[in-house]
Every structure is written in structure tokens, then in C-alpha cells.
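Visitor: Sequence and computational prediction follow.
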2 protein chains.
Amino acid sequence: MSYARFQETMGRINDVLCTVNLLNWDARTQMPAAGSATRASQIATLTGLARDMAVSDAFAAAMEGALDELSAAPADDLRRRAVESTKARVETLRRIPEALIRESADLKTRAQTLWAELRLRNDFEGFAPTLQRTIAIQREIAAAIGYERHPYDALVGQYEPGMTLARLDTLYGELKAGIRPLLDRALGLEPPRADFLARAYPVGAQRRFGAEIAARMGYDFARGRLDDTVHPFEISFTRNDVRITGRFRETWLPGGLFAVWHEAGHGMYEQGIAPAFDRSAFTTDLVNLYAVGGASFGVHESQSRLWENRVGRSERFWDLHFDALQATFPEQLADVDGLAFWRAVNRAAPSLIRVEADELTYDLHIILRSEIEAALIGREIEVADLPSVWAEKMRAYLGLEVPDHLRGVMQDVHWASGMVGSFPTYTIGNVMSSQFFAAASREPDIAAGLETGEYVPLATWLNENVHRHGRSLTPDRILQQATGSALDAGPYLSDLARKVDRLAATA
Amino acid sequence: MSYARFQETMGRINDVLCTVNLLNWDARTQMPAAGSATRASQIATLTGLARDMAVSDAFAAAMEGALDELSAAPADDLRRRAVESTKARVETLRRIPEALIRESADLKTRAQTLWAELRLRNDFEGFAPTLQRTIAIQREIAAAIGYERHPYDALVGQYEPGMTLARLDTLYGELKAGIRPLLDRALGLEPPRADFLARAYPVGAQRRFGAEIAARMGYDFARGRLDDTVHPFEISFTRNDVRITGRFRETWLPGGLFAVWHEAGHGMYEQGIAPAFDRSAFTTDLVNLYAVGGASFGVHESQSRLWENRVGRSERFWDLHFDALQATFPEQLADVDGLAFWRAVNRAAPSLIRVEADELTYDLHIILRSEIEAALIGREIEVADLPSVWAEKMRAYLGLEVPDHLRGVMQDVHWASGMVGSFPTYTIGNVMSSQFFAAASREPDIAAGLETGEYVPLATWLNENVHRHGRSLTPDRILQQATGSALDAGPYLSDLARKVDRLAATA
């Protein structure tokens, strides 16, 4: 009875948080700008209601009752784990003052709208007071959650349980050491042709081609849809309705295509959660007050990166699918072949924009952002310093001058959304993507499928080993079970090295 | 302090109900069909939360405290009226059992999806059990609310406060007596040409033309949008975000156009509510648990009908705007002029489909539905009888045989949505539309504007006299203040008679 009561309330919390996702999806894809102020109230009210339900005495009593009821169940009984993990998360949540959560949710929608407007006018100063308040809230949240060594740990841990600034510094050290020589080698090669990527590709045809490949990878459009937005994202309202968004630009073909496959990778994760986990603790993130089925942001990103980069940027992929792309854009691609296309979309070229960065430079963008946000949270720098710090690091890591805020500190929506501590999960996802891909590729049918463009075996393996578990296992356990090892930069650096080898061999 | 507490909770209830509106809008315009089951849970949970907040002891205490605080305020003080009307509505709401509301909300989404599917397969029997449960719930709700003479009174009163079956019978009697001779006379005339309405009109151009005129009427696209759906509707998430939907079919030009102007009329009402009423008692219907700014369904319909019929189907309107329509569709309308177009869209022709009915037969469709649903609620007939009763009345009122359920009992979404008692408000709206239009047209600048296609004076008058008041005045008081009289079929019958005269004169 108590477990049933626990589950009933859990389901209602999930309903409210799925609805907050809809409010956010709508705000970023459909809503007229005038709706922003009252939309912020709506999101704040619903987030507050979800929090009230989660921290209520009635829910605490239901959890205690459920634990009594399940005291004879084995420790890995799913119901027992659901209650135990929920209890731990509610305890963290209780430490964050309600007023802070409410203000944060309220600020988020307004800040995103302001960001979308002011970035086009290169107006960082206009945005700074809003961002200042956002950062102040995040500092307060870090203090409320608590941490051992650095306040940033509390924030990273929200997105990637167990991750800390110290562990990140080690990982980043390995990556910097591994990537630098690969990047130098790649930049020493004759640059591949890439002029044809910037020809005029009608947006509708890009969207159709991108969606066809996404469906082939396994994204189920009967339980999803693809809409336009400024900064692409994936969001779900249970596994039955998992939406992806894209940003297609006529004169930059890879931008739209790879983003769709990236978001489709996220989408397949959410669509692949076990149906029994609908409206449950295993599809609800009670710390971030967010309905999501993925185990962590890093594991989520591993799925998007796997389809975008391990599959979509592989040499074999373009052997197989270039003809279809050429048939879609016969004039634009008349003087190109599959190998040239593959080389173009793997061209190493330090750039200003993270979402357009090639694989070799991408993690340097992330390391830059991680270091800056950790310093912001640690009060080593302030919001007013951001443009100069950004410019400095961009020079040091990528050798580039920042010409304006749109191509600098205002390019990403994350900080405007109050998502401080989430950037590292992109690099964690890259690293994990190679671990999962290497383990999966050892299966003969998966390897054979990658040769023939038949992606069902790979998608099935990912579903079995990653997706279906939802949040019922920790990231570490999923990684260990699926690959036999802990987080390890090795396979990722090997993948990058192999790519540079092939670029050199085909130059 | 107590009034502030009342208003704070009222605002949060409005946030939740605006969000339910978004869940419904999305379900009917964007959602993949697979999302239906969990969407129903989401709507049920949020509706339940809104109800919990409305009937909570804390809210009751805030209302009592607010009334104490405002005891010295005059009786028509807006704050005092907000609390008093809310208190009365919460009392009605308390009489409806929570489980019933929850089941009704849950059933609604599933029933709508099923209806949309089964109607295309002419499968009334497949839909009957779901409809049966919907009707049973409505009967229970009528019993819970209470009534003096007929259970239908309790349901009609939810949508049109003060309306009863007895009053409707009188109104319907007047209308039948007035309309019948007009219809006979119109049907005796040489029928206007209408063949050109069914030519191929590309849907995109229809949508653009419809939207341009809607904007000219005063619908503000900066605070709204137009999407496609099966059955057009208007819905709002505060005055800052008021969305309309349309259904355009290539070979039936008037269907899409007039529906857009109809929904734009609803939209202008919601966009025109006083900004101070955002998130307040005056934009929240606590009996229907629905966020809406209009005073009643009938007053709402008067605004849509006014723009659709009093303006959009007037002879002068097509004198003014036919050239633009012809420029949009030069080939399709090469052999047509403004007068011929006006005559075509006012052709009296008994038809099977309510939303395509001409003005002279429209109310007969409503009277048919009202009588059937009143009999259903009064247990004089059952769901299984619907097709035969429908066929019988269609024969009696319009002389038509019903060939299938899609063109019969399954054509409207209302019963699938549990909206029993709302049909009469369409006819009430027609009647009121002529009352408002007659009163407004007595102003010289409005009359002059209608001659030149300048609709700002009319829109301004409607805003001043109707829109801005939101739900702060009763329908009767709005009508009395604006027109100087109570509900009166006279002006409507005069408008219809004048139209038949002009059809005869131009035949």
C-alpha cells in the first residue's frame, strides 16, 4: 500500500515535470515572444509544485512506509532501489531553499529570451546583470548542496553524480596531452577541401535527408518530431513523446545534419527506456527537478556523440550514404565524392563556435568553458570578466581572436539557462561514446551492420546495455557492465588518432 | 495581506490551468499520437492540482481573510468582486467529487484521440463505450452541481451562467418561428453560383490570405499564432499568448477562411482582456477548471460570430476585399466578382456538417444537438440511440439523410471532450453578435470604418465594451451595459431577414 502510494505520487511528480518540459519546448520552438513573462510564472509555479510534492511530509511517510514494506526484498529489487534513490535525492533537494529554485526557474525563461535577443545585438553588458543573478543563484545552490573541496563539485555532481573538479582536472590533463599532438599533426596536413560545405543547400531538403538518416539510425518519428529552434536540443514527455529540434542554415550543410543525428541519439535513449519506467523514479531527476530517463548528462551525451561522431563521421558511413546525399543535392555536390565529403566533415580547423567545432578541437572548447565556470563559481572571476577571460583562453587553446560576443561568450544558451556544471558532461560523453562503441563493435553482427548501413544491431545493443535501464543504474555501473571498465580516455584518444591517420593516408 | 495571499494562490491556479491549455493545444496540433496515454495522465494530474489548490482550506482561509480585509470596500470594488465570485465558484466546485473531475480530464484526451481515429473509419460502435462513460460522468456532475427543473440546466449553467433548458426552449421557439420563413424564401430563390468555391485553392495561400485579414481585424500575431488542426479552436495561456488554429482544405475555400476569422474573433477577446487581470480570478473559470478570460461561452461566441458573419459575410466586406482575394487566386476566381462571391458564401443550402452550414441553417444544427444532449442527460435516450435520433432530427429540421457517422453524430469533438451543455452557447453567441453589432454600428466612426475596411473603431468599441472586462462582469451585465437590452433574438432575426432581402434583390 505504501509502495503504491509512493509510486502514485512519483507518477504525479513526473507528470508535472514532463509538463514543465513541454512549457520549455514550446517556449523555444513555438511561443510568441510576448508570452515570455507569463510563461516564466507558469514554469516557476509548476516546478514549485513538483518540489512541494517531493519534499512533502506525505511523500516522506510514503517512502518510509514503502521501505518497511520492502524490507524483506533483496537489495537490488527495483522497487527498493527506486525508493532508496528517491529518498537520497529528496534529501539533497531539501537542502536547496524553495525560494532559490523558484527564482531560478523564473529567471531561466526570461534570461533565455533576453539572451536570444541581446546576442544578436552583441550586447553582453545588457545581459550581464541577468547573468550575474543567475550565477549568484548557482553559487547559493552549490553552498546549499554542500561539497568537500570546491563549490563547483556540488554543481557538476547534479549532472554527473560522483564527478568533481579534481577528477575533471585529471581527465582534462590526459585529453590535452593526447589531443595536442594529434591536432598539430592534423593541422600540418594539406587541409581537405571544404568549400562545397558552404554552398547553398535548401533547408527543407537538408531537414528531410537528416530526418531519413535519423529514422534509419533508429529514432522513432511515430513517438517524436523535429522542429526548428535557435540552439538544438532534445526533450521528452515520457518515452512516448520524445522531441528533437534542429537549426538548419542554407550555407552550412554539416551544421544542421550532424546536429539532427546528435539529437536523435539523445532521443533514442529516451525512447528506449523500459516502458515500465514511465512516470517513475527511474525517469525523474529530483535534484534538477527534471523529467528525464537517461542515467546522467554524460551517459546521455555518449549516445548523441556515438551516433553523430562514431557513426556519422566515420569513413564507412559516407562510403554508404554519400550517394543519397548527392542525389538530394546533385548540383551542389557534382564535383565531390564520398571520401572527399568524409574528409571535409572531419577537417581539423580551430573555430570560434563550439557547435561547429571538429572532433579534435571540440574538447578544448569544453575545457575552456569548464575552467571558466568553475572559476566563476569559486569567485576567482566575476561575470564582468567573462569576455576578457574567454578571449584569453580562446587565444591560448585555439589560437583565435574573438571578434564579438555572439561568437564568444554569448554563443551558448547554457549559462543563460542556469546550467552551470553541465559543460564537462559533453567531454565525458565523448569519452564514454568511444568506450561504448568499442565494446559494441566487438559483436560480429554489429560490425557487419556498420559495414552495410544496417544500424539495428548497434541500436539494439545500446538499448539492451544502456537505454532500457533509465536511471535505475548509476553511470559508473552502466559503463562497467557494458564495457568492462571504468571511465577511460583511452578508446576515445585511439579513435581520434585513427582518424588523423586516415586523414593523413588519404591526403 | 490576506487579499495578497488570495491573489498569489489565484495566480498559481491560473498558471496551472494555462499550462493545461498548453497540454491540450499541443495534443491537438503537435503531439505524436503515441503520446496520448501519458498526456492524459499529465492533464489529469494538473487539473487535479488546480482543483486541490482551489478547494484547499488554506485558500478558503485566504478568501475569508480577504473578505474581512475588504469589508469596508464598496460592493463593486474589483478586489471584493474577485473574492466573492471566486468563493461562489469554489462552492460549486466543491460539490463535484474530485474523482469525477480527474476521470473526466483523463478520459477527455483519450476520447479525443479515439474519436479522431474512429470517425475516419465510420466506427460509432467502437466509440460508443467511451462516449457512454463520458455521458455517465456528465450526468453525475449535473447531479452533484444540482438543479431545479432539469439536470441539463446544471450543465448549461457551467458554460452560460443563468441559462436553463426552459429559457432555451423559448429562445429556440422564437428562432425556429423566425428562421423557417426566411429559409423557405431563400430556398425559393434561384440558387447563387457556388461552383467556384470548390476549385483548387492551394492551402498555403488560403492561410496567408486568412491571416492577413485576421490581422486587419485586429488579431495580434505578435501575441499569437495560427496552426493546423482537425477541428479549429482558440486557446490562450494569458493575453500574451493566444493561439488560433485552422483547417484548410484545398477544394473548399470558405471552410478555412471563415474559420480563421471566427477563431480570430475569439482570440481578440482573450488578447483584449485588461492586462491587470493576468493570472487572476477574472481570467480563471474555476467551475470548468479552465483558464479563460471571456465572460461566458456565449459572449465568447458572440465575438467570433461577429467577425465571421456580421463583418466577414457582409456584402460590403466583399466589395472591399474581393480584389485582394482575386489577386491571390487569379485563375480560380477569373470569372467571379465581389457580389457573386458574397452571394456564394451566403447561399442557403441545408447541409450535413455544422461547421460548413450557412447562417440560415446553422442554428437548426445547434437546436438539434441541444435537444439530443438534453435528452441524453435527462436519460430520455441513450448513447446507442444517437445515430437514429440524429438521423430523425436531421430529416425533420433540414430534410437530409445522414450517409455516415463522420457526417453525422461523429462530426463534432464536443461530446468526445465531455462538453455537454456547450452547444446552446453557439446560438446564444449568434444572437448576441447581432445585438453587439447593432449597438456598435450606431457609432458614426464605426459605421464609416465598415464602409472603408478600417476595423480599428469596431475592434476598439468591442474592447471597451466587452473584452477588457474579462470575467469581472456577468454576461447579462455586459450585454445590458453595451447594448441597453437583455438577450433578444430580434436584431439577429433582422440581420438574417436583411440578408435574404439582399439575396433576393441581387438574384
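Guide: Structure received.
Visitor: okay, and the helix or strand of chain A with the least pLDDT?
Guide: Counting by mean pLDDT, DSSP states H and E, chain A has its least confident helix or strand at helix A:98-118, which shows a mean of 87.
Visitor: The helix or strand following that one to helix A:98-118, inter-axis angle?
Guide: Where DSSP states H and E defines the elements, the next helix or strand beyond helix A:98-118 is helix A:124-145. Following axes from the mean of the first three to the mean of the last three C-alpha atoms, to 10 degrees, one obtains 160 degrees for the angle between helix A:124-145 and helix A:98-118.
Visitor: which residues are contacting the helix or strand just after helix A:124-145?
Guide: Using DSSP H and E, the helix or strand that follows helix A:124-145 towards the C-terminus is helix A:151-159. Here helix A:151-159 makes contact (C-beta atoms under 8 Å, 6 or more residues apart in numbering or on different chains) with A:138-139, A:141-143, A:145-147, A:163-166, A:168, A:287-288, A:296-298, A:373-374, A:377-378, A:419-422, A:424-425. (Each C-beta comes from the backbone N, C-alpha and C, glycine too.)
Visitor: buried residues in the one helix or strand residue A:51 maps to?
Guide: In the assignment (DSSP H and E), residue A:51 maps to helix A:36-54. Of the residues in helix A:36-54, A:36, A:38-51, A:53-54 count as buried by neighbour count, 16 or more other C-beta atoms under 10 Å in any protein chain shown.
Visitor: ditto for stretch A:445-452
Guide: Result for stretch A:445-452 [16+ other C-beta under 10 Å]: buried residues A:446, A:449-450.
Visitor: Just the closest of those to chain B, please.
Guide: Nearest to chain B among those is residue A:449, at 26.1 Å by C-beta to the nearest C-beta.
Visitor: where does the closest one land in three-state SS?
Guide: helix (DSSP: H, G, I helix; E, B strand; the rest coil).
Visitor: Which of the contacts of helix A:151-159 fall in helices?
Guide: A:138-139, A:141-143, A:145, A:165-166, A:168, A:297-298, A:373-374, A:377, A:424-425 (DSSP state H).
Visitor: And those, which two are furthest apart?
Guide: A:143 and A:298 (24.1 Å; C-beta to C-beta).
Visitor: ok, the two, which is more surrounded?
Guide: Comparing residue A:143 with residue A:298 by other C-beta atoms under 10 Å in any protein chain shown, the one with more neighbours is residue A:298, at 27 against 14.
Visitor: what's the closest non-adjacent residue to that one?
Guide: In space, not counting the residues next to it along the chain, residue A:298 is nearest to residue A:428; the distance is 3.5 Å by C-beta to C-beta, 6 or more residues apart in numbering or on different chains.
Visitor: residue furthest from the geometric center of chain A?
Guide: residue A:72 (38.5 Å; C-alpha atoms, centre = their mean).
Visitor: what does the stretch 351-500 of chain A have sitting close to chain B?
Guide: Remark: no part of the stretch 351-500 of chain A is in contact with chain B, using C-beta under 8 Å from any C-beta of the partner chain.
Visitor: Could you pull out the helices in the stretch 351-500 of chain A for me?
Guide: A:359-377, A:386-398, A:424-441, A:444-452, A:456-465, A:475-483, A:490-505 (DSSP state H, counting those that start in this stretch).
Visitor: Following the record's annotation, map out the domains of chain A.
Guide: Here chain A is described, according to the TED database, as comprising the domains A:1-95, A:165-506.
Visitor: Quote the end-to-end distance of the last one.
Guide: By that I understand domain A:165-506. 39 Å (C-alpha to C-alpha, to the nearest Å).
Visitor: chain center to it, what's the gap?
Guide: 8 Å (C-alpha atoms, centre = their mean, to the nearest Å).
Visitor: Likewise for the shortest one?
Guide: Between the centre of domain A:1-95 and the centre of its chain there are 22 Å (C-alpha atoms, centre = their mean).
Visitor: Just the C-alphas of the helix holding residue A:51, formatted as CSV.
Guide: These are the backbone C-alpha positions of helix A:36-54, laid out as CSV (Å, rounded to 0.1, in the frame of the first residue of the first chain):
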residue,chain,number,x,y,z
SER,A,36,7.7,35.0,-22.1
ALA,A,37,6.8,36.8,-18.8
THR,A,38,3.7,34.7,-18.0
ARG,A,39,5.4,31.6,-19.3
ALA,A,40,8.1,32.1,-16.7
SER,A,41,5.4,32.2,-14.0
GLN,A,42,4.0,29.0,-15.3
ILE,A,43,7.3,27.2,-15.2
ALA,A,44,8.1,28.6,-11.8
THR,A,45,4.7,27.5,-10.4
LEU,A,46,4.9,24.0,-11.8
THR,A,47,8.5,23.5,-10.7
GLY,A,48,7.4,24.7,-7.3
LEU,A,49,4.5,22.3,-7.2
ALA,A,50,6.8,19.4,-8.1
ARG,A,51,9.2,20.4,-5.4
ASP,A,52,6.4,20.7,-2.8
MET,A,53,5.2,17.2,-3.7
ALA,A,54,8.7,15.8,-3.5
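Visitor: what's that helix packed up against?
Guide: Contacts defined by 3 or more C-beta pairs under 8 Å, 6 or more residues apart in numbering or on different chains; DSSP states H and E place helix A:36-54 against helix A:2-29, helix A:78-95, helix A:98-118, helix B:2-29.
Visitor: Would you map the strands across the stretch 201-350 of chain A?
Guide: A:224-228, A:234-236, A:242-246, A:284-285, A:290-291 (DSSP state E, counting those that start in this stretch).
Visitor: that older thread, make a ChimeraX selection of the buried ones in the ones in helices among the contacts of helix A:151-159.
Guide: The buried subset of these, as determined by 16+ other C-beta under 10 Å, is captured in ChimeraX by this line:
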select /A:138,139,141,142,145,165,168,297,298,373,374,377,424,425
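Visitor: Just the closest of the ones in helices among the contacts of helix A:151-159 to residue A:18, please.
Guide: Closest to residue A:18, out of all of the ones in helices among the contacts of helix A:151-159 and judged by C-beta to C-beta, is residue A:297, at 18.1 Å.
Visitor: if we can go back for a sec, want to throw the helices of the stretch 351-500 of chain A into CSV with mean pLDDT?
Guide: Shown next, in CSV, are those (pLDDT from 0 to 100):
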stretch, mean pLDDT
helix A:359-377, 97
helix A:386-398, 95
helix A:424-441, 98
helix A:444-452, 98
helix A:456-465, 98
helix A:475-483, 96
helix A:490-505, 97
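Visitor: average pLDDT for stretch A:251-269?
Guide: For stretch A:251-269, the mean per-residue pLDDT is 97.
Visitor: Equivalent analysis for stretch A:290-304, please.
Guide: 97.
Visitor: Alpha carbons only: can I get it in PDB?
Guide: What follows is stretch A:290-304 as a C-alpha-only set of coordinates in PDB (Å, rounded to 0.1, in the frame of the first residue of the first chain):
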ATOM      1  CA  TYR A 290      13.600  17.500 -14.500                       C
ATOM      2  CA  ALA A 291      11.800  14.600 -16.200                       C
ATOM      3  CA  VAL A 292      14.500  12.600 -18.000                       C
ATOM      4  CA  GLY A 293      15.100   8.900 -18.400                       C
ATOM      5  CA  GLY A 294      18.900   9.000 -19.000                       C
ATOM      6  CA  ALA A 295      21.200   8.000 -16.200                       C
ATOM      7  CA  SER A 296      23.300  11.200 -16.300                       C
ATOM      8  CA  PHE A 297      24.100  14.000 -18.700                       C
ATOM      9  CA  GLY A 298      27.400  12.300 -19.600                       C
ATOM     10  CA  VAL A 299      25.800   9.000 -20.400                       C
ATOM     11  CA  HIS A 300      23.200  10.900 -22.400                       C
ATOM     12  CA  GLU A 301      25.800  12.700 -24.300                       C
ATOM     13  CA  SER A 302      27.700   9.500 -25.000                       C
ATOM     14  CA  GLN A 303      24.600   8.300 -27.000                       C
ATOM     15  CA  SER A 304      24.300  11.500 -29.100                       C
END
